[in-house]
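Trainee: One predicted model, sequence on top.
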There are 2 protein chains.
Amino acid sequence: MPSSEWPPVVREWPDATVRPSTTVGPSTTLPAGEDRLAGFQRWFGERARVNHMDIGRVPLHGMTGWLGEPGTGNLCHTSGRFYSVEGLQVQTDGEWNPQWTQPVIVQPEMGVLGLLVKEVGGTLHCLMQAKVEPGNMGGLQLSPTVQATRSNFTGVHGGRAVKYVEYFTEAGHGRVVADSLQSEQGSWFLGKRNRNIIVQVFDEIPVEDDFRWLTLDEIGELLRWDNLVNMDSRTVLSCLPPALVARAREGRPSPDDDFGAAVRASFAGVGRPVLTSGEVLSRLTDARTRHRLVRRRVPLDRVRDDGWQVSEDEIARPDGKYFRIIGVEVQAGRREVASWAQPLLAPTGQGTITLAVRRLGDVLHALVRCRAQAGTLNVAELGPTVQHLPANYAGLPEAGRPPELEQLVPGKVLTRFDAVHSEEGGRFHHAVNRYRVVEAIDGELLDPPTDFMWVTLAQLADLLRHSNYLNVELRSLIACLHTL
Amino acid sequence: MPSSEWPPVVREWPDATVRPSTTVGPSTTLPAGEDRLAGFQRWFGERARVNHMDIGRVPLHGMTGWLGEPGTGNLCHTSGRFYSVEGLQVQTDGEWNPQWTQPVIVQPEMGVLGLLVKEVGGTLHCLMQAKVEPGNMGGLQLSPTVQATRSNFTGVHGGRAVKYVEYFTEAGHGRVVADSLQSEQGSWFLGKRNRNIIVQVFDEIPVEDDFRWLTLDEIGELLRWDNLVNMDSRTVLSCLPPALVARAREGRPSPDDDFGAAVRASFAGVGRPVLTSGEVLSRLTDARTRHRLVRRRVPLDRVRDDGWQVSEDEIARPDGKYFRIIGVEVQAGRREVASWAQPLLAPTGQGTITLAVRRLGDVLHALVRCRAQAGTLNVAELGPTVQHLPANYAGLPEAGRPPELEQLVPGKVLTRFDAVHSEEGGRFHHAVNRYRVVEAIDGELLDPPTDFMWVTLAQLADLLRHSNYLNVELRSLIACLHTL
């Protein structure tokens, strides 16, 4: 890609504690001699120039439209809508950290993450949107057709109408192929969930500025670039029914790719899983009952009692763990409203998210973990094999840290997917995770520890028809696997 | 049944505002000439004599082991465990009552409702327990094998071990045939759910005092008596996999019962449903997104601002709506602990719960409603066609009341099931609902209003494999339908 077009124009404040915006670029090399994405590059570069956004730091108590609630210190919008930053007191059954108080983002309203798909010439296309968010790494990213909070599309912003929203909020515009409520980051949000909905259209529809049809293969290639396909795209793509993905591949020569074939067979439900679907459900129910997760919303000011420093400027910890809460002021020419301020949650490091897969009885299985996080609606959801921000465990003895990949799948592994992706830039500032899929090739097959289990991709896809089974980090990896 | 053995011996305080304990008795006549339940009657009468419980009213602030929390008035146990009565502020999209504050029971810990089943001579048997609870109508009722809060079985009570609990909390005692988390009364509990688990055993197991194996047919007959099969039994029975119920009927002559055959065929998934399972899920997701349900726990004292009177003795409303919170003191010879006090929620009237069913395209369908209730974990669950306490709507205009049965299924209906059942006597005082299944025979098939849809029993049973799809009132009716 011509580097002059990258990154999109986002001017940010100088801040030594925030890593510089990385250039959007490939973490893997595109196939030599191919330039199927040249048209996309030109279009995306053009959208980046048009959708500039100026972002500046402001003190938490200097954000226009926001107030520190007297008596609690909670950061709330003056309209009472959108979201707030409050305190959360958590009690768990964890041996090493059984009780803590943390800031948390409370956003009780559900938004819509909607994707329009269409078969053109036997190939599945997705209507993607180039969208800039204030916390995005790299500025502009690819979002699904609609990414809107309830306040967005009901007009609380007093802003412009959300394009294409009627395809998802009204019946009769196409065939609904996926529709469920899915969670977002359980450590940062209290019980937040969004409607993930995919509608297949059959008629021609007008393509607005900032929107572009991309094939699933093209999205698959873009997913191998860092910080380009945003979290909202990844979660809604993960909900694609495997049968639809498979049909989109029919009639195209399948690449000579043994691992890709194993992924597709596992999604298709070929072969016998290690656990029946009833056993998978029962193990998750067991984890949800066994783990104790008692939450209470408390005044934000109370996080001071647990090692957080609350200042006019930010909420952060001297030990550098977890995250900071900061305020930003945004000037954007082409959004629903032209300028606004908002708090953002800025993690203090890059996270590691890894899914181990392995052929068991000739079927590719993934090692998932029942994971209880502070804000999880229903105690625990299935997460990837490894999901952590290493710095958070500093100072804890070995037994207090989550198992490392090497302990779970000893022996040789092959990296099948590896890219850095950003989490929701509308709430998080430069929240990036390294996402990997590794295939265990040999080595002893250990009995998985409590809360871990081997499941097929078809079993995961079946659970994705329902709400709150797979956490957002695992869903990101499912999206990557769908497009391998 | 010899009336001298009924009701079980429960001595209660005189209280003109609480209806007298009804005698446990049949709401439908047992088949003439049959006395298959004679052995059960003798056993149950004997258990009633042994399991006596003395119950007395005490002021809310005079309950041993409980305190009114300073500053909030919340009723909490001094151990910080079990449950508490707090205030809940609710904002909804409802036109007639968009915001209110109410007392609510907060019980974050999950309990276990466990049922042991066994095939004996080709017939499915369930291990039921005779158990008395302080709020039970009629005193003694039939509970599942295990009905225990986490505090019960982890020994917080300092009480006796819970019998058979290891069959559900440890692996290896049998085959888990159902295991999910299910909600309880959404208007009275905040997000409460219990693990509903059924384990099929193959070996002989010792039958303790108060326990008895009953066939599904026997339980079916007992379900037609008022206030005998408790809520916990009904909810866990609703989770029986239809295939297991069907196999339990194999080899027995099927009664010449056209409606029963239609019920069994609908559970078996015979025929084509009006909506695909994807459409059912999508409609529920739509309701969960469309309805606004923002909750905030507030001090119990704040319910005063919304028409509740908080006194030393009770929390109640002068308009007689909804429920009262009262305190009771219990002396029980044979429970985990011998005496205790606790608050109970006493509804102010009998509720009406009706499921309309109808043959559509030769398949029996049920008309269910996506229902948002104050404490529902995930905004809305599927509920029966009609579910209300008529007194609560006094003073509201017609448009503010839920549709009546006659408006939804005009024309002739046949009553297929009709009995009065109690809700959880460990938390509610004399909470009784009239449960009915009515079959619409003729009359125009109307387009169901928003939030209503016709689904087959197989579709409901499939959803019951997962958590939080069917509310507890609908699950009670599913249990009744399983045994028809």
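Mentor: Received the coordinates, thanks. Keep in mind it's a predicted model, so treat the numbers as computed, not measured.

Trainee: Would you mind listing where chain A has pLDDT under the threshold?
Mentor: A:1-36, A:154-160, A:251-256, A:333-337 (pLDDT under 70).

Trainee: interface residues of it facing chain B?
Mentor: A:108-110, A:112, A:150, A:176-177, A:179-181, A:195, A:197, A:278-279, A:281-282, A:285-286, A:288-289, A:292-297, A:377-379, A:465-468 (C-beta under 8 Å from any C-beta of the partner chain). In short, each C-beta sits where N, CA and C put it, glycine included.

Trainee: Give me the distance between the two termini of stretch A:233-249.
Mentor: With C-alpha to C-alpha, to the nearest Å as the measure, the ends of stretch A:233-249 fall 20 Å from one another.

Trainee: how many other residues sit next to the residue lying closest to A:Ser143 once chain neighbours are set aside?
Mentor: Among residues not flanking A:Ser143 along the chain, A:Lys131 sits closest, at 4.1 Å (C-beta to C-beta, 6 or more residues apart in numbering or on different chains). A:Lys131 has 24 neighbours, counted by other C-beta atoms under 10 Å in any protein chain shown.

Trainee: for A:Lys131, what are its contacts?
Mentor: By C-beta atoms under 8 Å, 6 or more residues apart in numbering or on different chains, the residues touching A:Lys131 are A:Asn51, A:Leu140, A:Gln141, A:Leu142, A:Ser143, A:Gln147, A:Asp210, A:Asn230.

Trainee: quick one: which of those residues is nearest chain B?
Mentor: Checking the contacts of A:Lys131 against chain B by C-beta to the nearest C-beta gives A:Gln147 as the nearest, at 14.3 Å.

Trainee: Which neighbouring elements make contact with the helix or strand harbouring that closest one?
Mentor: Secondary structure assigned from DSSP states H and E places A:Gln147 in strand A:146-148. Packing partners of strand A:146-148 (3 or more C-beta pairs under 8 Å, 6 or more residues apart in numbering or on different chains; DSSP states H and E): strand A:112-120, strand A:123-132.

Trainee: So for chain A, which residue is the most central one in space?
Mentor: Geometric centre of chain A, nearest residue: A:Met231, 3.6 Å, by C-alpha atoms, centre = their mean.

Trainee: can you give me phi and psi for that residue?
Mentor: Main-chain torsions, A:Met231, degrees, to the nearest 10: phi -60, psi -40.

Trainee: Test my guess that it contacts A:Arg475.
Mentor: No - counting by C-beta atoms under 8 Å, A:Met231 stays clear of A:Arg475, with 9.1 Å between them.

Trainee: Run me through the strand neighbours of the strand holding A:Gln147, direction for each.
Mentor: If you go by DSSP bridges, strand A:146-148 pairs up with strand A:112-120 (antiparallel).

Trainee: Which residues does the partner strand contact?
Mentor: Applying C-beta under 8 Å, 6+ apart, the set of residues contacting strand A:112-120 from outside is A:124-127, A:144-148, A:150, A:153, A:164-165, A:167-169, A:174, A:177, A:194-202, A:205, A:213, A:232-233, A:235-237, A:240, A:244, A:247-248, B:289.

Trainee: Show me the one of the helices and strands packed on strand A:146-148 that comes nearest B:Gly400.
Mentor: Closest to B:Gly400 of the helices and strands packed on strand A:146-148, according to C-beta to C-beta: strand A:112-120, at 28.6 Å.

Trainee: A:Ala399: neighbour count?
Mentor: Per other C-beta under 10 Å, the neighbour tally for A:Ala399 reads 7.

Trainee: what's the answer for A:Val303, then?
Mentor: A:Val303 has 26 nearby residues by other C-beta under 10 Å.

Trainee: Could you pull out the buried residues of the strand holding A:Gln147?
Mentor: Applying a neighbour-count criterion of 16 or more other C-beta atoms under 10 Å in any protein chain shown, the buried positions in strand A:146-148 are A:Val146, A:Gln147, A:Ala148.

Trainee: ok, back up a step: among the residues of chain A next to chain B, which ones are in strands?
Mentor: Those of the residues of chain A next to chain B mapping onto strands are A:112, A:176-177, A:179-181, A:195, A:197, A:293-297, per DSSP state E.

Trainee: Show me which pair in these is furthest apart.
Mentor: Of all pairs drawn from these, the widest gap by C-beta to C-beta lies between A:Val177 and A:Arg296 and measures 39.2 Å.

Trainee: Put together TSV for the helices and strands packed on strand A:146-148, with distance to B:Arg317 on each row.
Mentor: Output for the helices and strands packed on strand A:146-148, formatted as TSV (distance: least, C-beta to C-beta, whole Å):
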stretch	distance to B:Arg317
strand A:112-120	38
strand A:123-132	49
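
Trainee: Among those strands, which comes closest to B:Leu60?
Mentor: strand A:112-120 (44.4 Å).

Trainee: Show me where the stretch 351-484 of chain A has its helices.
Mentor: A:405-408, A:457-463, A:472-482 (DSSP state H, counting those that start in this stretch).

Trainee: Make JSON lines out of these and add mean neighbour count.
Mentor: Output for these, formatted as JSON lines (neighbours: other C-beta atoms under 10 Å in any protein chain shown):
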{"stretch": "helix A:405-408", "mean neighbour count": "15"}
{"stretch": "helix A:457-463", "mean neighbour count": "23"}
{"stretch": "helix A:472-482", "mean neighbour count": "26"}
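
Trainee: Just the element for A:Ile326, please.
Mentor: strand A:323-332.

Trainee: Let me see the residues that make contact with that strand.
Mentor: Contacts of strand A:323-332 (C-beta under 8 Å, 6+ apart): A:51-60, A:62-64, A:66, A:75, A:85, A:103, A:132, A:134-135, A:188, A:313-317, A:338-348, A:429.

Trainee: which among these end up buried?
Mentor: Among the contacts of strand A:323-332, those scoring as buried are A:51-55, A:57-58, A:60, A:63, A:66, A:75, A:85, A:103, A:132, A:134-135, A:188, A:313-317, A:340-348, A:429 (criterion: 16+ other C-beta under 10 Å).

Trainee: in what helix or strand does A:Ala265 lie?
Mentor: helix A:258-268.

Trainee: Centre of the chain to that helix, how far?
Mentor: 23 Å (C-alpha atoms, centre = their mean, to the nearest Å).

Trainee: just checking, what packs against that helix?
Mentor: Contacts defined by 3+ C-beta pairs under 8 Å, 6+ apart place helix A:258-268 against helix A:242-249, strand A:363-372, helix A:457-463, helix A:472-482.

Trainee: The ones you listed into TSV, with extra columns for distance to B:Trp225?
Mentor: Output for the helices and strands packed on helix A:258-268, formatted as TSV (distance: least, C-beta to C-beta, whole Å):
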stretch	distance to B:Trp225
helix A:242-249	48
strand A:363-372	41
helix A:457-463	40
helix A:472-482	48
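
Trainee: among these, which is nearest B:Leu484?
Mentor: Proximity to B:Leu484 (C-beta to C-beta) singles out helix A:457-463 among these, at 30.4 Å.

Trainee: Is A:Arg434 bridged to anything, and to what?
Mentor: Taking DSSP bridges, one obtains A:Thr352, A:Val420 as the residues bridged to A:Arg434.
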